[in-house]
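Enquirer: based on what follows, work out the 3D shape:
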Amino acid sequence: MSPTTLPAGPEHGHVTFLGAGPGDPGLLTLRAVEALANADVLVAEHEVLDVVRTHARQGVSVVPTDTGPLSDPNPGTGTPQPAVIDGASTTAGIPALRDAAHLVMEAARGGRRVVRAVSGDPGLDTYAAEEMLACAKAGVSFEVVPGVATAVGVPAYAGVPLRDAEGADVRFVDARTASDRCWTEVGASDGTVVVSTTLDSVAAAAGELVSAGRKPDTPMTVTVGGTTTRQRTWSATLGTIAQTLKQAKVLPSPDGGRPVIAVVGDRSAPAQRDQLAWFESKPLFGWKVLVPRTKEQAASLSDQLRSYGAVPHEVPTIAVEPPRTPQQMERAVKGLVTGRYEWIAFTSVNAVRAVREKFEEYGLDARAFAGIKVAAVGEQTAKALIAFGVKPDLVPSGEQSAAGLLEDWPPYDPVFDPIDRVFLPRADIATETLVAGLIELGWEVDDVTAYRTVRASPPPAETREAIKGGGFDAVLFTSSSTVRNLVGIAGKPHNVTVIACIGPATAKTAEEHGLRVDVMAPEPSVHKLAEALADFGMKRRLAALEAGDPVTRPSERRPGARRRRAAT
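Expert: Numbers count the residues shown, from 1 in each chain. Next comes the predicted model:
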């Protein structure tokens, strides 16, 4: 039987050599995610650690490369937990990646399932090939999960297709190990050349190609941070790339140079790249956007911002705590079971969570809602209910708010409604809009404090300084309380920061705190707010291009005077 087909056993274990791609976590394959979820041990290069760690099991431990045998972080449990071996360390002056074969073999002992993650594709990684040979010699079963090769993925994100309909030749060169013969061969070719090098060595690589026969006016693109929101691409020629980087104030790196992908040939001509640079043309590309909400509520909004190219930074401004006196909530939940209510109305995800926690405390589940009509104030609240196993009977067809819910809420009818009472679990600071509206429709309302909202603790000093110093490009305010709480715990956002508000009431509060509102959602929805910010960013980008100016982020312009709302 081949070493690659041996089943994982108590002695040998199993190793998966996994390609983590060039940097974008979204480029991991489905098989890669599956392997990570089943891994006992994760051996990862430093630059891909964050990409793969999120898909590993809970309880991931970091084990330095020089600490000896792997230890069980939960002794006595009988269940090995995932460990992370950071391949960025060194041992006795030898790069840890050269010792990774030993680490992989050690990690696989005791039947552990090991994932060895590398940048790009393991088939193009010299060290990974050596580790595979070591596994084969030791009788350790292994498999290979290919990844998106960096030399292919980065040009795709930079808007540089490597081949056209004519099928031109494509050569790949690693400038860090290329021989004179290699440079001579690619220099004599008319095809596209993809060079893996460092930012500090780009000019030298361009010189090698010119010396080997390429014309100095051959187009060249250089991309750093490819496939991530740090990506930046410069277009030049072999003869002008050094001057282009100098004019762009790209300084030498103290660590010897950041890795880059350079593409040489007609396929990288600037005119074509301007039309195909889809990634860096996203409306909020590279924008650092502050999301001041509770951690749970920020997740879906952050995902949407990432789709626009932004880098969301979640800062909780509100903490959710149980009510001071739980008796009222306890009586209401018992009333649900005994048939006291016709309806229950959820006005937030937090309200769903509060009722669910109380249910679990009493040993109840979603079946307790049988025979009760359930209303949700909006889509996010409805999703939280569905996750609980409850499909809401009423969600606003229009505005996602208490007012929108009231527009669709049926009046009390003694013929069709055997019970005239509504259970309304909500926050201690909620407005009276829904209560008053339901009473006007003929319903009796049990208005119950299900949770309290309190100001969260201040964020780290670094975040506070970024807020006040203009380190963020935009901030999204989703309620008046987020404005007051953010200013209270972190200070007022800098005058260059774009202020986006979910509605008129929130905008008014922002203005009262001396902020000028740049963006307002067309309707009170966090997703519409994110869309409005993306529209603002795109218009800003197009205006700069039309004026012939470089496209910059708001944080890259620092006027001296603080922007304030003009007095009216």
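
Enquirer: please make it C-alpha for all contacts and neighbour counts, starting now.
Expert: OK.

Enquirer: look up phi and psi at residue 368.
Expert: Phi and psi for residue 368, reported as degrees, to the nearest 10, are phi -70, psi -10.

Enquirer: so how far is residue 450 from the nearest residue to it once chain neighbours are set aside?
Expert: Once flanking residues are discounted, residue 368 sits nearest to residue 337: 6.0 Å by C-alpha to C-alpha, 6 or more residues apart in numbering. Distance check for residue 337 against residue 450: by C-alpha to C-alpha, to the nearest Å, it reads 17 Å.

Enquirer: ok, the two, which is more surrounded?
Expert: Between residue 337 and residue 450, counted using other C-alpha atoms under 10 Å, the more crowded position is residue 450 (27 against 16).

Enquirer: flag the shaky bits of the protein, pLDDT-wise.
Expert: For the chain, residues meeting the criterion pLDDT under 70 lie at 1-11, 59-98, 164-167, 251-257, 268, 294-299, 430-431, 558-568.

Enquirer: quick one: the strands in the stretch 101-250 of the chain, in order.
Expert: Assigned by DSSP state E, counting those that start in this stretch, the stretch 101-250 of the chain shows strands spanning 113-118, 141-145, 170-174, 192-198, 219-224, 232-237.

Enquirer: adding distance to residue 288 and mean neighbour count, write the ones you listed out as a markdown table.
Expert: Formatted as a markdown table, the strands of the stretch 101-250 of the chain follow (distance: least, C-alpha to C-alpha, whole Å; neighbours: other C-alpha atoms under 10 Å):
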| stretch | distance to residue 288 | mean neighbour count |
| --- | --- | --- |
| strand 113-118 | 28 | 29 |
| strand 141-145 | 33 | 20 |
| strand 170-174 | 33 | 17 |
| strand 192-198 | 26 | 23 |
| strand 219-224 | 18 | 24 |
| strand 232-237 | 15 | 20 |
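
Enquirer: a markdown table please, covering those and showing distance to residue 523.
Expert: Shown next, in a markdown table, are these (distance: least, C-alpha to C-alpha, whole Å):
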| stretch | distance to residue 523 |
| --- | --- |
| strand 113-118 | 44 |
| strand 141-145 | 45 |
| strand 170-174 | 50 |
| strand 192-198 | 47 |
| strand 219-224 | 39 |
| strand 232-237 | 35 |
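
Enquirer: these: which one's closest to residue 30?
Expert: In terms of C-alpha to C-alpha, the element of the strands of the stretch 101-250 of the chain nearest to residue 30 is strand 141-145, at 9.9 Å.

Enquirer: each with direction, which strands does the closest one pair with?
Expert: strand 14-19 (parallel) (DSSP bridges).

Enquirer: and the next element down the chain from the strand it pairs with?
Expert: The helix or strand immediately downstream of strand 14-19 is helix 30-37, counting by DSSP states H and E.

Enquirer: which strands and helices sit next to that following helix?
Expert: strand 14-19 (3 or more C-alpha pairs under 8 Å, 6 or more residues apart in numbering; DSSP states H and E).

Enquirer: which residues touch the strand it packs on?
Expert: With C-alpha atoms under 8 Å, 6 or more residues apart in numbering as the test, strand 14-19 has contacts from 7-8, 28, 32, 35, 104, 108, 111-122, 128, 140-148.

Enquirer: what do you get for stretch 181-198?
Expert: The contact list for stretch 181-198, computed with C-alpha under 8 Å, 6+ apart, reads 151, 162-163, 168-176, 205, 208-214, 256-267.

Enquirer: now list the buried members of these.
Expert: By neighbour count, with 16 or more other C-alpha atoms under 10 Å, those hold 151, 162, 170-171, 173-175, 205, 208-210, 212-214, 259-267 as buried.

Enquirer: wait, residue 41 sits on residue 107?
Expert: Yes: assessed by C-alpha atoms under 8 Å, residue 41 is found in contact with residue 107 at 6.6 Å.

Enquirer: what's the overlap in contacts for those two?
Expert: Contact criterion C-alpha under 8 Å, 6+ apart; residues shared by residue 41 and residue 107: residue 114.

Enquirer: helices - which of the buried ones among the contacts of stretch 181-198 land there?
Expert: Under the assignment DSSP state H, the buried ones among the contacts of stretch 181-198 contribute 151, 205, 208-210 to helices.

Enquirer: from those residues, which is closest to residue 415?
Expert: residue 151 (71.0 Å).

Enquirer: so who does the closest one touch?
Expert: Going by C-alpha under 8 Å, 6+ apart, residue 151 touches 172, 194-196, 261.

Enquirer: what does residue 334 give?
Expert: Per C-alpha under 8 Å, 6+ apart, neighbours of residue 334: none.

Enquirer: need phi/psi at it.
Expert: Per degrees, to the nearest 10, the backbone of residue 334 is at phi -60, psi -30.

Enquirer: how many residues are close by residue 314?
Expert: The number of residues packed near residue 314 is 20, by other C-alpha under 10 Å.

Enquirer: so where do the strands sit in the stretch 401-550 of the chain?
Expert: Under DSSP E, counting those that start in this stretch, the stretch 401-550 of the chain gives strands at 421-427, 444-455, 474-477, 498-501, 519-520.

Enquirer: and the third one, what other elements does it pack with?
Expert: Strand 474-477 sits against strand 288-291, strand 498-501, with contacts defined as 3+ C-alpha pairs under 8 Å, 6+ apart.

Enquirer: mean neighbour count added to those strands, as TSV?
Expert: Shown next, in TSV, are the helices and strands packed on strand 474-477 (neighbours: other C-alpha atoms under 10 Å):
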stretch	mean neighbour count
strand 288-291	24
strand 498-501	25
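
Enquirer: redo those as a markdown table? Include distance to residue 380.
Expert: As requested, the helices and strands packed on strand 474-477 are exported to a markdown table (distance: least, C-alpha to C-alpha, whole Å):
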| stretch | distance to residue 380 |
| --- | --- |
| strand 288-291 | 17 |
| strand 498-501 | 18 |
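
Enquirer: residues contacting the residue nearest to residue 408 when sequence neighbours are not counted?
Expert: Computed as C-alpha to C-alpha, 6+ apart, the closest residue to residue 408 that is not its neighbour in sequence is residue 396, at 6.3 Å. The contact partners of residue 396, taken as C-alpha under 8 Å, 6+ apart, are 376-378, 404-405, 407-408.

Enquirer: pretty sure residue 396 sits in a helix.
Expert: No: applying DSSP: H, G, I helix; E, B strand; the rest coil, one finds residue 396 to be coil, outside a helix.

Enquirer: from residue 374, how far off is it?
Expert: Residue 396 is 12 Å from residue 374, by C-alpha to C-alpha.

Enquirer: likewise residue 329?
Expert: Distance from residue 329 to residue 374, by C-alpha to C-alpha: 17 Å.

Enquirer: got the phi/psi numbers for residue 278?
Expert: phi -70, psi -30.

Enquirer: just the one 5 residues further on next, same as before
Expert: In this entry, residue 283 is assigned phi and psi values of phi -60, psi -30 (degrees, to the nearest 10).

Enquirer: that one: neighbouring residues, count only.
Expert: Residue 283 is flanked by 24 other residues according to other C-alpha under 10 Å.

Enquirer: that one is in contact with residue 305, isn't it?
Expert: No: judged on C-alpha under 8 Å, residue 283 makes no contact with residue 305 at a distance of 10.0 Å.
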